[in-house]
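Undergrad: Make a model of this:
(chains A and B)
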Amino acid sequence: MRIQKEDVEKIAKLAKLQFSEDEIEKFRGHLEEILTYVNKLNELNTDGVEPTYYVQHAGDVMREDRVKPSLPREEALKNAPAQDKGFFRVPKVIDQT
Amino acid sequence: MGKETTYETVIGLEVHAQLLIRSKIFCGCSTQFGADPNTQTCPVCLGLPGALPVLNRKAVEYAIRMALAVHCQVHTRSIFARKNYFYPDLPKGYQISQYEEPLAENGQVIIMPEEGKRKTIRIKRIHLEEDAGKSVHAEEYVTENESFIDLNRCGVPLIEIVSEPDMRSPFEAYLYLTKLRQLLRWLNICDGNMDEGSLRCDANISHRIQGSRQLGVKTELKNMNSFRGVEKALQFEVERQRKVLESGGKIEQETLLWDEKKGIAVPMREKEEAHDYRYFPDPDLIPLTLDRKWIDTILQSQPEMIEPRKERWMRDYGLPEYDCSVLTEDREIADYFETVVEKVRDPKQASNWVMGEVLRILKEEKIKIGQLKISPIQLVEIIKMVDDGRITRAAGKRVFNEVVLSSLEPRQIVEKLGLVQVSDREEIERIVLDVIQHHPNEVEKYRNGGERLFGFFVGQIMKATQGKADPKLVNEILREKLVGQKNPC
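TA: So this is what the prediction gives:
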């Protein structure tokens, strides 16, 4: 299975990652290997077989609508690189979606 | 050139409704609105490594309620998917939503764009998803290159209701949205407040040549936060697109943000990749498998819905459709009315009192019917007193207002204010004659064809009796005396 340089660049961009040319080539090779490996499954005839997203069959696993204590705010904010007045502080958000 | 090309407007809406449940969709954090920032979070909704989501049963139940109310097919199997994008209010880097196999599909609601004209708007799908956090833009917090983030709203349960592109005007879109709100409130699963964001709406707008079946290029309109705002924003965008098309231009596919204050929609700056969400089934959540029996139980426990209730009232109480529509706009009002109408002789009287006095007070005081200081039973008492001729209708209205103000019982107020109707023939005759004697000029005019002055005399008599005189007797005696005196000799 052929992976193009552009594919790697696109995936990197969506993941907000930056790579050098060497790295891109390296990952291109990795991705190609992985996909070629997984592609072996295509040799099987899966006509009429339901896609398997999950291997467990747990049935009903819902919880009741009960409020449980949340984390204390200090805990919630503990790992934040920046915080102020109880908020997380982040670089300016431009689009207000 | 032949005849001018006419364009048809095509609108579809995506509506997000926040479900009225206590805890979040995948964790036990509270959903209470207005809490201090970041006080309602936990490892699950903060997206901390290793934390696992567990679905809230009530969220599923409420989604099913709405799906059934709009005649959707509820699937016994649906799948949660990850919608991947980066944004500071989305700590996991993905939103848990439903994509390929949603909870429910293929429903419909009926709107009435014109008196007597019904139109079906099809619903494509209803699915469950979690809300994102909030970027705070209040001036006191925002500095030049920083934003503040509150993650309390992360994981708050939402349903998304997606319509088919069946609306042909901004007004139809407004009616559809209003209808959804009415249904959500009727089911008591969402409070429907657009200004607090518990009901949100995005619109897809396009135009096509009249008669064509193919859809034109659409734009997406966001950030509309009131019902009228939605209609105004859509009108703006429809106008803009029509102008572009009529001058031979092409519509660019883009997302626009409505600016309520300026009354314009501006293109949102975004990168092309922003729409590549790379949905895939969420490995943390197994497929949602529903027991048919549970769905049936929910169906059985649905409240009597709006249309059936209206039809029942029209049939059993002989009420006009208009009255039934007004009285079913809100379920609590409908319930209030139902209690009243069951206990009075004339259903139309009940509807007049509720539509007139009750709705007036709610509007004037800006309160909900639950806060109204007059119970349906007290209103029934007033209506009965009017019905029995114990007090006049005018006095009844006074009693109504006094009950609201004083929280005394209607009977006590009637006694306290001496409102018992004067229906003694002799006493009314005396007052009528007295009024006639004091207004010789008006009597003269009346005799010379001034029929309209009759009302003036009635007014004077009512004034003299503080509205307590039996109107029927007043009319009868007054007519008799005015005519009787026409030829005194």
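Undergrad: CA atoms for contacts and neighbours, from now on please.
TA: OK.
Undergrad: Strands along chain A, start to end?
TA: Counting by DSSP state E, the segments of chain A that form strands are A:83-84, A:87-91.
Undergrad: ranking these by burial, who's on top?
TA: strand A:87-91 (a mean of 20; mean count of other CA atoms under 10 Å in any protein chain shown).
Undergrad: Close to chain B: what parts of chain A are there?
TA: A:14, A:53-54, A:56-73, A:76-77, A:86-93, A:95, A:97 (CA under 8 Å from any CA of the partner chain).
Undergrad: which ones are touching B:L90?
TA: Taking CA atoms under 8 Å, 6 or more residues apart in numbering or on different chains, we find B:L90 in contact with B:132-133, B:154.
Undergrad: Now do the helix or strand where B:E415 lies: everything it contacts.
TA: Per DSSP states H and E, B:E415 falls inside helix B:410-416. Contacts to helix B:410-416, defined as CA under 8 Å, 6+ apart, come from residues B:378, B:381-382, B:399-400, B:402-403, B:420.
Undergrad: Tell me how far the residue nearest to B:P53 when sequence neighbours are not counted lies from B:V44.
TA: If the residues on either side of it in the chain are set aside, B:P53 comes closest to B:F26, at 4.7 Å by CA to CA, 6 or more residues apart in numbering or on different chains. Counting by CA to CA, to the nearest Å, the gap from B:F26 to B:V44 is 7 Å.
Undergrad: that older thread, now intersect the residues of chain A next to chain B with the helices, please.
TA: When those are checked against helices (DSSP state H), the matches are A:14, A:73, A:76-77.
Undergrad: Looking at those, spot the one nearest chain B.
TA: A:R73 (5.2 Å; CA to the nearest CA).
Undergrad: Is the nearest residue to the closest one once chain neighbours are set aside in a helix, a strand, or coil?
TA: Computed as CA to CA, 6+ apart, the closest residue to A:R73 that is not its neighbour in sequence is B:T39, at 5.2 Å. Following DSSP: H, G, I helix; E, B strand; the rest coil, we place B:T39 in the coil state.
Undergrad: Run through the strands of the stretch 251-400 of chain B in chain order.
TA: Here the stretch 251-400 of chain B has its strands, by DSSP state E, counting those that start in this stretch, at B:255-259, B:264-267, B:280-281, B:288-289.
Undergrad: Would you mind putting those strands into JSON lines with mean neighbour count and mean pLDDT alongside?
TA: Below are those laid out as JSON lines (neighbours: other CA atoms under 10 Å in any protein chain shown; pLDDT from 0 to 100):
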{"stretch": "strand B:255-259", "mean neighbour count": "20", "mean pLDDT": "90"}
{"stretch": "strand B:264-267", "mean neighbour count": "16", "mean pLDDT": "90"}
{"stretch": "strand B:280-281", "mean neighbour count": "20", "mean pLDDT": "93"}
{"stretch": "strand B:288-289", "mean neighbour count": "20", "mean pLDDT": "92"}
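Undergrad: Would you reformat these as JSON lines and include distance to B:N352?
TA: Formatted as JSON lines, the strands of the stretch 251-400 of chain B follow (distance: least, CA to CA, whole Å):
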{"stretch": "strand B:255-259", "distance to B:N352": "41"}
{"stretch": "strand B:264-267", "distance to B:N352": "42"}
{"stretch": "strand B:280-281", "distance to B:N352": "55"}
{"stretch": "strand B:288-289", "distance to B:N352": "48"}
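Undergrad: possible to save those as JSON lines with distance to chain A?
TA: Converted to JSON lines, the strands of the stretch 251-400 of chain B look like this (distance: least, CA to the nearest CA, whole Å):
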{"stretch": "strand B:255-259", "distance to chain A": "8"}
{"stretch": "strand B:264-267", "distance to chain A": "11"}
{"stretch": "strand B:280-281", "distance to chain A": "7"}
{"stretch": "strand B:288-289", "distance to chain A": "6"}
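Undergrad: Out of these, which is closest to B:G356?
TA: strand B:255-259 (37.0 Å; CA to CA).
Undergrad: in a strand, that's where B:I111 is, yeah?
TA: Yes - counting by three-state DSSP, B:I111 is located in a strand.
Undergrad: That one and chain A, how far apart?
TA: Taking CA to the nearest CA, to the nearest Å as the measure, B:I111 falls 30 Å from chain A.
Undergrad: List phi and psi for the most centrally placed residue in chain A.
TA: The C-alpha lying nearest the average C-alpha coordinate of chain A belongs to A:A15 (CA atoms, centre = their mean; 8.2 Å). Main-chain dihedrals, A:A15, degrees, to the nearest 10: phi -90, psi 10.
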